[in-house]
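S.K.: Give the three-dimensional model of this entry:
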Amino acid sequence: MFVLFFSIVLLVYFLINYYIYVRGIQLVNPSTGFLPWLKVGFWVVVWSYILGRVIERFHISYFTDALTWTGSFWLAAMLYFFLLVLVIDLVRLSDHFIGFLPQAVYTWKFKTGLLVTSIVVIFLTIVAGHINAINPKIRKLTIELDKSANGLKELKIALATDIHMGTVIGPRRMNILVNKMGELKPDIILFAGDVVDEDLEPVIRHNLGEVLTRLKAPMGVYAITGNHEYIGGVSKAVAYLEAHNIIFLRDTTVKIADAFYLAGREDRSKNSSGRRKEISEMLQGTDPSLPIIMMDHQPFELNKVEAAGVDVQFSGHTHHGQLWPLNYITQAMFEVSMGYLKKGNSHFYVSNGFGSWGPPVRIGNRPEIVEVTIKFRD
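M.R.: Predicted structure coming up:
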C-alpha cells in the first residue's frame with residue numbers, strides 16, 4: 001500500500017513539474033544560448049529533495065543537507081509556479097476564443113519579461129515566507145472548565161505541535177522553541193505529535209535530543225505520536241525522545257497531581273499495523289468528575305471526543321495548509337483547521353504547528369507556540 005501511494009505521489013510530482021518545465025522553456029528565446037542550462041538546472045532542482053531524503057537514509061553529509069534544503073524551497077516555489085502557469089494558460093485559452101490580448105504579448109521581449117518577473121516575484125514570496133516560518137509567535141488561549149480539580153485553580157500549558165525535527169528544523173529552530181517555552185514557565189509541556197520529521201538520523205547527528213533536555217516543567221513534558229513518527233519508524237523515534245526526558249502517552253491515560261487526567265492517543269497511522277484504542281478504552285477507570293485533557297494528533301471525529309466526555313483536546317497535523325491557498329483544502333477536510341472550537345462541553349484547539357513539512361516556508365499563517373491557561377471551577 002505504501003509503495004503504491006509513494007508511486008502515485010511521485011507520478012503527480014513529475015507531471016506537475018513537467019507542466020511547469022514545458023511552459024517555462026516556451027518563454028525562453030533559443031537564440032540566447034541560456035536554454036540548455038535552464039533545462040539541466042531545472043531538473044536537478046526538481047529531484048534534489050527526493051535524492052537528498054533517500055541518500056541521507058544511508059549517509060548524511062553536507063551534500064545531502066544541500067540537496068534537501070534546495071529541494072525544500074523548490075516545493076514551495078513549485079506550488080506558485082504551477083498556479084501561475086495555470087492562470088496564464090487559462091488566459092491564453094480565453095484569448096483563443098475571444099481574442100482580447102494584443103499581439104505584443106506573443107513577442108520574445110514580452111515573454112522574457114514575463115519569465116523574469118515571475119521568477120523575481122516568486123523568489124521574494126518564498127524569502128518572505130521563510131522569514132515568517134522561522135519567527136514563531138506565542139498564541140495565548142484561556143479555557144474555563146466547569147469542573148473542579150481537587151483545589152487546583154488553574155493550569156498553565158506550553159503546547160507545540162508539528163515540530164518536525166530533522167535536517168530543516170535543526171539546532172537553531174529547536175533552541176528558539178526551548179527558550180520560548182522556558183520563558184512561559186508552564187506547569188506542564190505538551191507535544192501533540194510529529195515531534196520528529198520522519199528520519200531519525202539527522203536528529204541524532206545534530207544532537208537535537210540534548211536541546212530538548214533543557215525543557216523543564218513541574219508536572220513533566222509529555223508527547224504523543226504523529227503520522228511522521230510512523231513514517232520514519234515509530235519505535236526508534238519514541239525510544240530516542242524518551243531517552244531525552246520526553247514522556248510518551250501511547251493510548252494511555254495518566255492522573256497528574258491528583259487534579260486532572262492527561263490522555264494521549266496513538267496516531268491514526270497505528271491502524272495500518274494494528275488498532276489504536278477507542279477513547280472509551282483509554283478512559284476506562286477514570287473519575288469523570290475530574291477534568292480530562294487529551295492529545296490526538298489528527299483532529300478527526302470530534303463528535304466522538306465530545307461523546308466520550310473529554311473536556312479539552314489538543315491537536316495539530318493540519319499546518320493550516322502551511323502555504324496559501326492550501327488552507328482552503330485543510331478547511332474542507334477538517335471541522336477545524338486551525339484555532340479554537342467548542343462542541344457541547346468539549347473544548348478543541350488545533351494548532352497550525354511550530355515547524356514545517358517540506359519547504360521551510362509559511363505563507364498565510366505564522367508558526368506558533370501556544371500558552372494555554374485552563375481555569376477550573378473553584
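
S.K.: What's the separation between residue 80 and residue 74?
M.R.: 11 Å (CB to CB, to the nearest Å). Glycine gets a C-beta too; all of them are placed from N, C-alpha and C.

S.K.: now residue 228
M.R.: Distance from residue 228 to residue 74, by CB to CB: 20 Å.

S.K.: For these two, indicate the residue with more neighbours.
M.R.: More neighbours surround residue 228 than the other of residue 228 and residue 74, with 26 against 22 (other CB atoms under 10 Å).

S.K.: Report the contact partners of that one.
M.R.: Counting by CB atoms under 8 Å, 6 or more residues apart in numbering, residue 228 makes contact with 164, 193-194, 196-198, 357.

S.K.: And residue 143, by the same measure?
M.R.: Contacts of residue 143 (CB under 8 Å, 6+ apart): 312, 347, 349, 372-375.

S.K.: Kindly state the beta-bridge partners for it.
M.R.: Taking DSSP bridges, one obtains residue 374 as the residues bridged to residue 143.

S.K.: pLDDT wise, what is it at?
M.R.: We have a pLDDT of 98 for residue 143.

S.K.: gap between it and residue 42?
M.R.: According to CB to CB, residue 143 and residue 42 sit 49 Å apart.

S.K.: and if you look at residue 363?
M.R.: 22 Å.

S.K.: And those two? Which one has more around it.
M.R.: When neighbours are counted by other CB under 10 Å, residue 363 comes out ahead of the other of residue 363 and residue 42, with 23 against 16.

S.K.: which element is the closest residue to that one other than its chain neighbours on?
M.R.: Using CB to CB, 6 or more residues apart in numbering and skipping residues adjacent in sequence, the residue nearest residue 363 is residue 129, 4.3 Å away. In this assignment (DSSP states H and E), residue 129 forms part of helix 108-133.

S.K.: got the buried residues for that helix?
M.R.: 115, 118, 122, 125-126, 129-130, 132-133 (16 or more other CB atoms under 10 Å).

S.K.: In CSV, list the residues you listed along with pLDDT and distance to residue 88.
M.R.: Shown next, in CSV, are the buried residues of helix 108-133 (pLDDT from 0 to 100; distance: CB to CB, whole Å):
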residue, pLDDT, distance to residue 88
115, 93, 11
118, 96, 9
122, 97, 13
125, 97, 17
126, 97, 19
129, 98, 22
130, 97, 25
132, 97, 27
133, 97, 28
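
S.K.: just to revisit the earlier point, most widely separated two among the contacts of residue 143?
M.R.: Farthest-apart pair in the contacts of residue 143 is 349 and 375; separation 14.8 Å (CB to CB).

S.K.: Neighbour count: the two, which is higher?
M.R.: The residue with more neighbours, out of residue 349 and residue 375, is residue 349; 24 against 13, by other CB under 10 Å.

S.K.: you'd agree that one is up against residue 316?
M.R.: No. The criterion here is CB atoms under 8 Å, and residue 349 misses it with residue 316 at 9.6 Å.

S.K.: Residue ranges of each domain in this protein, please.
M.R.: 2-132, 138-375 (automatic domain parsing).

S.K.: From residue 111, how far off is the nearest residue to residue 94 once chain neighbours are set aside?
M.R.: Nearest residue to residue 94, sequence neighbours excluded (CB to CB, 6+ apart): residue 100, at 7.4 Å. Distance of residue 100 to residue 111, computed by CB to CB: 18 Å.
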